[in-house]
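S.K.: Attaching a predicted model along with its sequence, questions to come.
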Amino acid sequence: MRVKELFRESIMAARRRRNLIVFFALVHIVFLGLGQWMVAQGYPGVLDLRTEQLKNLQDLSYLKPLTGVLADNLLLKILYTFAFNLVMGAFVSTTLTGLVFFFPYMIAVWRSFLIGILVADMDTSLAMAVIFYGTFILEFGAYCVSSAIGADLGLSYLWPSRKGTESRSEALKIAARDGARLYLLVAVILFAAAVWEISWLHYMGPLLKPLAS
């Protein structure tokens, strides 16, 4: 019953932040599409950025365990991906940064635009489309929620009256407590995203092959 109650509170917290969550969802979709469109149009600066990012992709330190020591262990790859995305992808980069309320927006713009240019001419097979769009919907869906939590923290500090108080510290505490409830939803979605992405890629070949080809 306690788990059910926690989920109910998390859903209710999401409803209270519905406008922020929808806003971040639109940001991700728009800039993902913009990145793909700019590659298709052949903008030189964007093409240069894409080439540079693809070149550096396999050297990213956080990806090395997935193609190295953890390569043969599906469960550990899933847990590693989930933990990294929850701590770094969501909490550190989109929630803590929300204390400066516009930072989550900037990160959402950059992330989605970068993903857009990286996958602009990826393998168009049905399998790759299923992997990518399934992962994008789940993972970036969770980031929309975590970004909404972060933005709400910053906005509550700037305008405490939105939390029914004139005290900035009290408004921040209210927003933080509500955000903590909502993080259960973030964690569940990110775990589902990790299972979806890593399971498919584990059985289909090297993790970065689709982007490197």
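M.R.: Cool, got the structure. Numbers count the residues shown, from 1 in each chain.
S.K.: Could you pull out the buried residues of stretch 188-200?
M.R.: Ile189, Leu190, Phe191, Ala192, Ala193, Ala194, Val195, Trp196, Glu197, Ile198, Trp200 (16 or more other CB atoms under 10 Å). Using the backbone N, CA and C atoms, a C-beta is placed for each residue, glycine as well.
S.K.: Rounded mean pLDDT for that stretch, please.
M.R.: Taken as a whole, stretch 188-200 has an average pLDDT of 93.
S.K.: starting at the chain centroid, how far to that stretch?
M.R.: Its chain's C-alpha centre and that of stretch 188-200 lie 12 Å apart, by CA atoms, centre = their mean, to the nearest Å.
S.K.: Extract the CA atoms of that stretch and return them as CSV.
M.R.: Presented in CSV, the C-alpha positions along stretch 188-200 are these (Å, rounded to 0.1, in the frame of the first residue of the first chain):
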residue,chain,number,x,y,z
VAL,A,188,10.7,4.6,-13.0
ILE,A,189,10.7,6.2,-16.4
LEU,A,190,14.5,6.2,-16.6
PHE,A,191,14.8,2.6,-15.5
ALA,A,192,12.3,1.7,-18.3
ALA,A,193,14.4,3.7,-20.8
ALA,A,194,17.6,1.9,-19.7
VAL,A,195,16.0,-1.5,-20.1
TRP,A,196,14.5,-0.6,-23.5
GLU,A,197,17.7,1.0,-25.0
ILE,A,198,20.4,-1.3,-23.6
SER,A,199,18.5,-4.5,-24.1
TRP,A,200,17.9,-3.8,-27.8
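S.K.: Now do that stretch: everything it contacts.
M.R.: The contact list for stretch 188-200 (CB atoms under 8 Å, 6 or more residues apart in numbering) reads 66, 74, 77-79, 81-82, 85-86, 89-90, 127, 130-131, 134-135, 138-139, 141-142, 145.
S.K.: Tell me which of the buried residues of stretch 188-200 fall in helices.
M.R.: Ile189, Leu190, Phe191, Ala192, Ala193, Ala194, Val195, Trp196, Glu197, Ile198, Trp200 (DSSP state H).
S.K.: From Ile198, how far off is the second one?
M.R.: Spatial separation of Leu190 from Ile198 under the definition CB to CB, to the nearest Å is 12 Å.
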